[in-house]
Structure formats: C-alpha cells, structure tokens
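**Q** build me a model:
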Amino acid sequence: MPSRQRRRGDLAVAAALLATVALAAGADGGAEFDYRKLSGIIIPGFASTQLRAWSVLDCPYSPFDFNPLDSVWLDTAKLFSAVNCWLKCMLLEPYNQTDHPECKSRPDSGLSAITELDPGYITGPLSSVWKEWVKWCVEFGIEANAIIAVPYDWRLPPSMLEERDLYFHKLKLTFEIALKLRGGPSLVFAHSMGNNVFRYFLEWLKLEIAPKHYIQWLDEHIHAYFAVGAPLLGSTEAVRGALSGTTFGLPVSEGTARLMFNAFGSSLWLMPFSKHCKADNIYWKHFFEGKAGCPHRQQCDEAEYISDYAGWPTDLVNIEVPSVRGMGAYPSITDITENITSSMECGKPTLLSFSAREVSDGTLFRTIEDYDPQSKALVYQLEKYYQGDPVLNPLTPWERPPIKNVFCIYGIDSKTEVGYYFAPSGKPYPDNWIITDIIYEFEGSLLSRSGNSVSGKPNNSSGDGTVSYNSLSWCKNWLGAKVNITRAPQAEHDGSDLQTAMNIDHHHGQDILPNMTRAPHVKYITYYEDAESLPGWRTAVWELDKANHRNIVRTPVLMRELWLEMWHDMHPDSKSKFVTKAFRGPLRNDDCHWDYGKARCGFPEHCEYRYVFGDVHLGMSCRLKNTSANLLQQYL
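**A** Reported below is the predicted structural model:
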C-alpha cells in the first residue's frame, strides 16, 4: 500500500514536470527539440541480451528439455539441472561461428530482452540490467514507443552479426523508423560492448551511404550519443576469460566458462590493444580495389616501442612456458625461439611477458599455440573476424564519432584488474592454466593479490571494477584544446561543495588532471565539457566515483543527469551549452529524505513532511511539495 501511494505521487510529479516541458515547447511544438519527438535507442553490452532456444532438444536424465522460445541465456534452473544440454544451446563452433548441430539459440526482441535476463523473485534482481532505466523513463512519462531496444546475439563477431542476422541493416532501419514515427532524431544509449557495436555500425554505414550524405544522415537521425562504460581500448578481463575463464557469478566452473568464452567470436572484440597502433585506413580501397583482400594491418607509432607498457599500467600477461616435455597437459613441442631455448635451465619454466599490442595482434596466442589447444582457434578468429574484417579492425583506437553531441560516462576509483600471472596446472584443457597472481589498479596505485611489489606506471585513477581507467578515459582525447571542469557531489546538493575550473588547456593524448579537492566519504561526479573546439558539436566526459561497470546503468545519479541534460537541450530558453551543475534538488519523492540533524525534511523548499498511512520511517514521509512542477526551471 505505501509503495503504491508513493508511486502515484511520483507519477503525479512526472505529469506535472512533463506539463512544464509541453508548455515550454509551445503548443505548436516550436522548440528545436521537442521531448515528444525524441526516441531512445538502447544497445546493451556483452551477455546483456536474452537468448532463446530455436530447437527441440531432449535432455536425458533431466526433467527439463529445451523447446522453441525457451529461455537459454539466462535460465538458471536448466543451467543447474542440465548443464550439458544448456551448453549445446549456448556454444558456437569456434571456426565458423555456427550453432551446435542439436540446438540453436537466437536473441530475443524488444525491451523484455534486456530488462531482466532471468525473471523471478530471487533471480530477477540479480539479473536485472536495464529494468531500472526503463522504470525511470515510465515514471517521467516517456511514451512506450519512444524507448527502443536493439538486442543482438552478443556471441557473434561484428561481421557475423551482419552476415547471419543483418543486424546493422536492421539497426539503420530502426533509426529511420524512429524518425518517421516520432518526427525527431534519436538518443543512443550504449553500454559496455554495445559501444563497440555502435562504433562498427558507424563505420559500416560509411559504406552503405554516399559519402556526401553520411554526415547528413547522422545529423537527421542521431541527436546525442551516450557512451556508458565503453571499453575504448579493451578490457584485461577478456584475457582472463580466454586463458582461465570468467564465470560472471554463474554456478559453473571456470573451465566451463572458458569453453564458452573461447567459442564466442565476440570474446576477442573485448581484448585490450595499444593506443599507439592503428590499422590501415581502407575506406577508399573499397572504391578502388573492392571489398575483398583488404586486411587491416596494424601500423604502430614509434612510441609503442620506446614507451613502457604501451600506455597501459603494466604488462597485461605474464605466463610461464613449461620446458619439461612429455607432460600430460602439453604435447611434445619443438623449440619456439632460440631465446626461449637458451633460457631453459634444469627444466625451469620461462616467464614471458606480453603487452596489449602483443595480445591484440595474436603474438600471445601464437606463442602458446603448442601448449594450449584452443590458441589455434583464437588466432584463426583474430585473423578472420578482426584483422580481415571487411569494414574495420575493431582492435584499434577510434576517434570521436561524427555526432553532434557525445557524452562519455564511466565509473572510476574501483579496484580493477590490469594484469595477470599464469602458470601451467598440469591438467588438460580447459583447466591447463591457473592464475598465480593478479595485478590491480586502485586509486592511482598498483598492487598485487600476493602482496609482491609491482613495477609499472599506474593511471591517475583506477577503473570501474571491470575496465581499466586508461581504456575508459580514452574518450578524453575527443575533447578539444579548452575544457571546462566541474566537480560536484553525486547526491542532491545546494552548490556549496561545487568546484569549477574554466578553459583548462588540454593536449591531445594526455590526461586532464583537475586541481580539485575531495571531501572524505563523499562521492563526486566530475564533468569535462567542451562546446567550443568543434563548432556546432558538444563533447562531455563524466566520471562517477565508485560507479561499478555492470551496475552503472542502474545508478540513480546517472539517470538523473541524463534526464536533466535532455531537459536542458529540449528547452527553448536554455542559456548555457550544458545544464548547470550549481544545484541538484530532488526530482522524485524518493529523492526526499529526513535531515536528523535539523529534525526536518532535507531541502525544505522542495520537500515537506507528509505522512501517509504505512510509512515506516521518517524518510518515507518526506515528499515533494505540490509546487514541484517548477523544479526544472532552475536547470536552464
């Protein structure tokens, strides 16, 4: 009962807020961007789309079978009771990315495919991805046809998404249908690997649209791009998944997780790579030489070979190559190089180190090919689906997308893995490697799981728990020569703890270090904004303290900031390039709280004590005042 009443209050507030928007837009829709014309297109990340069976599979010794449209990813009941059957529906053939002969799975469609992967009283909250995001949109009165999910088979490499499912053709049509349906451009919300998908789409689009119409199409169909938790230089966790296995909290062994990860051609899409190495630009080769036979060869700057760790905090992979032959886990081998042979003394393993470039160009997997039976398939995938991709090699850094408004958003200062030590376990594949040590970055320093000292060049901050800071913050290079920086508390605030720095010099390729303080136990959000360097375009980077990679799309502060930014953009009377940061008041009843120090509701000008039967504590009785429709006016 109390939650229902509180929800009615939130919806009433939302209706009032939207009434204000409508009045501001004018009865004839005179605003440049009317909220009623915008669409939101969501591109989910890796393992964030439901997969459903498209086969009939009888599972022996189990009460569960797979029938068409049964949930595969993620059905934990079948995973528990029939893991071998479940794997048949999940695994792809490593070399050609085809389905298992006995079972095939395909991505679900619509918003239900990305909101909860495993709905249920217990499993639902654990597998919730975009549900809170959609709920927020509903609370603020966004129309049902204005939010569009574009799920995809996240197991496939980029070229196979188009070859098998025509995904990028469908995505282009989605933008065009949204424009015709709503009358205005779309907002793109991409999370994690969804940003890799969107990048590939932009490059694919260049080859589908005449060059003189390419920018025009983007301007007409995309108003803003929000890159959330983008692994712009890859993620070291992908290396762990390839050599050891990452379970993502599932009740499976790391060996089973490794079998899955290496079967998916998309796993290499997340591999880390060097910022100093770019691929041949073959855009014009498509017109003069055709699409065939144009591999994207990496061209590395001199800095790649003279700098330590190639822009990463430390060596990504340190692996012991066994020198004792005849072990059960390893076949008999020939000497790899004279250097390795000469260093083998008394059967002592040789420790080899690999940088991000040596991971992305396949050196790592070629070196351990004789020791690891799966490495040959990974090298094949790398050469066919990435270095030989007909559109681009995704394992290269990308420039700012040619979209008018770009917002890059990520979490910082969480403990994040940036390097590994592997050793042979003596067991057969997939358990033939064990992790002997892990290197973490944490708040500007490097530390190891074992407590040993770590050599490296730590980033200024640490990543979001999954992707390292240097990969997330690569988008700072999209900012221009002059940047405005603002640091504000994430919680609602009155502006007393606001710090600003205007027209800070920014040199391309270098991080920007704000000279600002941090109060203890306060989570901040730091905004880097540039609306001057590229006329008509805006670029912003938001860093959220302690925002976790997998949960950032559920963070209320992120949804609040996105809403305010869009409100500011849509309003004809907005006075600044970006929404003001000077004040953050409550927007919903849930944002009101009880101030025990002053024995009243916090933000008394906006919140009041209003008890409703069923409230169990004072904070629940703090609600927005009836005049809350004017709250958004101060953000112009």
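**Q** what's the weakest-modelled helix or strand in the protein?
**A** Least confident helix or strand of the chain, by mean pLDDT, DSSP states H and E, is helix 338-343 with a mean of 42.
**Q** tell me the spacing between the spatially closest residue to Glu383 that is not a sequence neighbour and Leu268.
**A** Using C-beta to C-beta, 6 or more residues apart in numbering and skipping the chain neighbours, the partner closest in space to Glu383 is Gly362 (7.1 Å). Any C-beta I mention is one placed from the backbone N, CA and C, and that applies to glycine too. For Gly362, the distance to Leu268 equals 9 Å [C-beta to C-beta, to the nearest Å].
**Q** what do those two both touch?
**A** Common neighbours of Gly362 and Leu268, counting by C-beta atoms under 8 Å, 6 or more residues apart in numbering, are Leu378, Leu382.
**Q** show me the shaky parts of this protein.
**A** Applying pLDDT under 70 to the chain flags residues 1-35, 119-127, 280-297, 323-347, 626-630.
**Q** which non-adjacent residue is nearest the residue positioned nearest the centre of the chain?
**A** By C-alpha atoms, centre = their mean, the chain has its centre lying nearest to Ser192, at 1.2 Å. Sequence neighbours aside, Gly45 is the residue nearest to Ser192 in space, at 2.9 Å (criterion: C-beta to C-beta, 6+ apart).
**Q** quick one: residues contacting the one you found.
**A** Gly45 is in contact with Trp154, Ala190, His191, Ser192, Met193, Gly194, Gly229, counting by C-beta under 8 Å, 6+ apart.
**Q** got a winner among those residues for most neighbours?
**A** Gly229 (30 neighbours; other C-beta atoms under 10 Å).
**Q** what ranges do the helices span in the stretch 451-600 of the chain?
**A** Per DSSP state H, counting those that start in this stretch, the stretch 451-600 of the chain carries helices over the ranges 469-472, 556-570.
**Q** ranking these by burial, who's on top?
**A** Mean neighbours per residue, mean count of other C-beta atoms under 10 Å, is largest over the helices of the stretch 451-600 of the chain for helix 469-472, with a mean of 28.
**Q** now it: how far from the chain's centre is it?
**A** The chain centre lies 12 Å from the centre of helix 469-472; the measure is C-alpha atoms, centre = their mean, to the nearest Å.
**Q** before we move on, what about stretch 198-218?
**A** 22 Å.
**Q** do stretch 192-207 as well
**A** With C-alpha atoms, centre = their mean, you get 13 Å for stretch 192-207.
**Q** residues in contact with that stretch?
**A** Taking C-beta under 8 Å, 6+ apart as the rule, stretch 192-207 contacts 42-46, 48, 152, 154, 158, 161-162, 168, 171-172, 188, 190, 214, 217-218, 225, 227-232, 266, 269-270, 283, 286, 391-392, 394, 398, 401-402, 466-467, 549.
**Q** likewise stretch 601-611?
**A** Against stretch 601-611 from outside (C-beta under 8 Å, 6+ apart): 492, 585-586, 592-595, 600, 618, 621-625, 628, 631.
**Q** and the strands in the stretch 1-150 of the chain?
**A** Assigned strands in the stretch 1-150 of the chain, in chain order: 39-43, 51-53, 71-73, 105-107, 147-149 (criterion: DSSP state E, counting those that start in this stretch).
**Q** tell me the helices and strands packed up against the last one.
**A** Counting contacts by 3 or more C-beta pairs under 8 Å, 6 or more residues apart in numbering; DSSP states H and E, the secondary-structure elements packed against strand 147-149 are strand 39-43.
**Q** and if you look at the fourth one?
**A** Using 3+ C-beta pairs under 8 Å, 6+ apart as the contact test, the elements touching strand 105-107 are strand 51-53.
**Q** pull up the pairing partners for the strand it packs on, direction included.
**A** The pairing partners recorded for strand 51-53 under DSSP bridges are strand 71-73 (antiparallel), strand 105-107 (antiparallel).
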